[in-house]
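**Q** Would you be able to build a 3D model of this:
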Amino acid sequence: MLSAQLAERADRGAPVRVALIGAGAFGSMFLSQARLVRGLHVVAVCDLDPSRARAALARTGYPTEAIGTQGLATAVRNGATWVTDDAAAILEPGVVDVVVEATGSPAAAVRHCLAAYAAGVHVANVTVEADALLGPILGERARAAGVVHTYASGDQPALICELVDWARVNGLEVVSAGKGTKYLPAYHVSTPATVWGHYGIDPAHAAAHGLNPVMFNSFLDGTKSAIEMAAVANATGLVPQEDGLRFPPSSAERLASVCIPEEAGGLLGRRGTVEVVSSLERDGTEIDGDLRWGVYVVFAAPSDFVRDRFLEYGLAVDPTGRFAALWRPHHLIGLELGTSVARAALRGEASGSPDAFHADVVAVAKRSLRTGETLDGEGGEHVWGRLRPAARSLAGAELPIGLAHGVRLVRDVPADSTLTYADVALDETDEVVRLRRELERRGPAAA
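**A** Sure thing, here's the model as predicted:
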């Protein structure tokens, strides 16, 4: 068991040493639990604002004397946690076992991942936007360096990958896998200025509690769902439907009837795909027993014998009994991150890791865009992210959502149109752009 392995490391004075980059909400959740686990030692917290890192440590229970200022070696020796704004300084080879990348910035995450690999350090990547943009490259570079690049347990992509792996290890065909969310078609054009109305949150309350309208809008407008499902697809070989996510309304109990192909009576365009189900009917009515906070897998019985077992043991099945679903109703985000950290350090295993280019997320105009405007990217007012099969996005030279931030339009783009590279002025010398071009030259993975 992982807990026993961690305890053994503690008993011999060799805990798993972790460095956290990004002391926001996700990182703070991890900090709150990591201090309670024997065999884990958070040796450093790095943030552009060190005062935010110190505040996160204090808020999550770290005593003042355990928050160090004297450098990494001193923190390791004294069982303390060093606070710094220098990400390079925490990557001393042979000292840190795992880096948790939780900045939320895809460009920064790419830089931090590559630096960690070069130092022989495993990465638990919370910034899934980097995985959606460059995941296959990151996974390949990590493997070449002999380290693990893993999705973050507690986040939905890692939990979905674990369900897919469970099904396949037990000889079950994965028909679909995904998560739940709150969705209506109108949400695609939501902006940070309108997002609180859709959530029913008073803007003054949101401001007083530091809620980020851009982040919340990314979840609402469908972008984050697309990014997370791209990460799942690129780790599991599941291929997106041609038209991306359909967001069918469904309760958890009806997953095996809804998230199967149309020819089998469901609402999906193919088998072996990813999908996100809505907790709302299209008229806005809330669904009883929804899966808004959870994850699921739908699988097929390979024989009448197995179909009969589905029925005998009370699985939620479709009317034929041949498709069944399992789900987890909740995820605990950063509170569960220790699982992927421990797996990487102790077993060299990933809780999902990108290894092939099956899926992409492309930018779609929320409104008519004009030449000279500068795009504001994920969760902003200009574009939302649509899931695509990688073969289709490459064929159309479509602009990834991960490159749709801070770039200038060189021609008008009609509302609801997918942006292409020809629509924007990119800096082709930028490292992230160069790596993306490398990924595109290789082409999509075979379906």
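
**Q** Show the low-confidence segments of this structure, by residue range.
**A** The model of the chain has pLDDT under 70 over residues 447.

**Q** residue ranges of the helices in the stretch 151-300 of the chain, please?
**A** Shown for the stretch 151-300 of the chain, the helices assigned by DSSP state H, counting those that start in this stretch span residues 156-169, 195-199, 203-208, 213-220, 223-236, 255-258.

**Q** Of those helices, give the one that comes closest to Ile333.
**A** helix 156-169 (9.0 Å; CB to CB). Placement of C-beta: from N, CA and C, glycine included.

**Q** That closest one versus helix 223-236: what angle between them?
**A** Interaxial angle of helix 156-169 relative to helix 223-236 (axes from the mean of the first three to the mean of the last three CA atoms, to 10 degrees): 30 degrees.

**Q** picking that back up, among the helices of the stretch 151-300 of the chain, which is the most enclosed?
**A** Burial of the helices of the stretch 151-300 of the chain is given as mean neighbour count (mean count of other CB atoms under 10 Å); helix 223-236 ranks first at a mean of 29.

**Q** re the thing from before, so which of the helices of the stretch 151-300 of the chain comes closest to Gly294?
**A** Among the helices of the stretch 151-300 of the chain, helix 156-169 comes nearest to Gly294, with 8.3 Å by CB to CB.

**Q** How far off centre is the closest one?
**A** 14 Å (CA atoms, centre = their mean, to the nearest Å).

**Q** and what of stretch 64-76?
**A** 31 Å.

**Q** mind listing what's buried in it?
**A** Within stretch 64-76, the residues that count as buried by 16 or more other CB atoms under 10 Å are Ala66, Ile67, Gly68, Leu72, Ala75, Val76.

**Q** Which of those residues sits closest to Phe247?
**A** So of these, ranked by how close each gets to Phe247 (CB to CB), first place is Ile67, at 43.7 Å.

**Q** ok, and the closest non-adjacent residue to the closest one?
**A** Leu57 (5.2 Å; CB to CB, 6 or more residues apart in numbering).

**Q** ok, that neighbour - contacts?
**A** Residues in contact with Leu57 (CB atoms under 8 Å, 6 or more residues apart in numbering) are Ala23, Leu31, Val45, Ala66, Ile67, Thr81, Val83.

**Q** For the helix or strand where it lies, what is the distance to the chain centroid?
**A** Taking DSSP states H and E as the criterion, Leu57 maps to helix 50-59. Its chain's C-alpha centre and that of helix 50-59 lie 24 Å apart, by CA atoms, centre = their mean.

**Q** still on that earlier bit, make TSV out of the helices of the stretch 151-300 of the chain and add distance to Pro400.
**A** Compiled in TSV, the helices of the stretch 151-300 of the chain are given as follows (distance: least, CB to CB, whole Å):
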stretch	distance to Pro400
helix 156-169	17
helix 195-199	23
helix 203-208	29
helix 213-220	15
helix 223-236	10
helix 255-258	29
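
**Q** Between those helices, which one is closest to Gly135.
**A** Gly135 lies closest, by CB to CB, to one member of the helices of the stretch 151-300 of the chain: helix 223-236, at 4.9 Å.

**Q** ok, Asn212 - how many residues close by?
**A** Using other CB atoms under 10 Å as the criterion, Asn212 is surrounded by 15 other residues.

**Q** Residue numbering should commence at 337 henceforth.
**A** Renumbered: residue one is now 337, and that last one reads Asn548.

**Q** and which of the buried residues of stretch 400-412 is nearest Leu474?
**A** Of all those, Leu408 has the smallest distance to Leu474: 24.4 Å, by CB to CB.

**Q** In contact with that closest one, which residues are there?
**A** By CB under 8 Å, 6+ apart, the contact set of Leu408 is Val379, Ala380, Trp418, Ala425, Ile426, Glu428, Val431, Val432.

**Q** quick one: contacts for the fourth one?
**A** With contact taken as CB under 8 Å, 6+ apart, Ala425 is in contact with Cys382, Gly407, Leu408.

**Q** what's the closest non-adjacent residue to the first one?
**A** Going back to what we said before, that points to Cys382. Cys382's closest residue in space is Ile357 (CB to CB, 6+ apart), at 4.6 Å.

**Q** Check the second one too.
**A** In space, and not counting its chain neighbours, Gly407 is closest to Trp418: 6.2 Å by CB to CB, 6+ apart.

**Q** Show me what whatever helix or strand the one you found lives in is packed against.
**A** Assessed by DSSP H and E, Trp418 sits inside strand 417-420. Secondary-structure packing of strand 417-420 (3 or more CB pairs under 8 Å, 6 or more residues apart in numbering; DSSP states H and E): strand 376-382, helix 386-395, strand 403-404, helix 408-414.

**Q** do that again at 6 Å, thanks
**A** Identification of packing neighbours for strand 417-420 by 3 or more CB pairs under 6 Å, 6 or more residues apart in numbering; DSSP states H and E yields strand 376-382, helix 386-395, helix 408-414.
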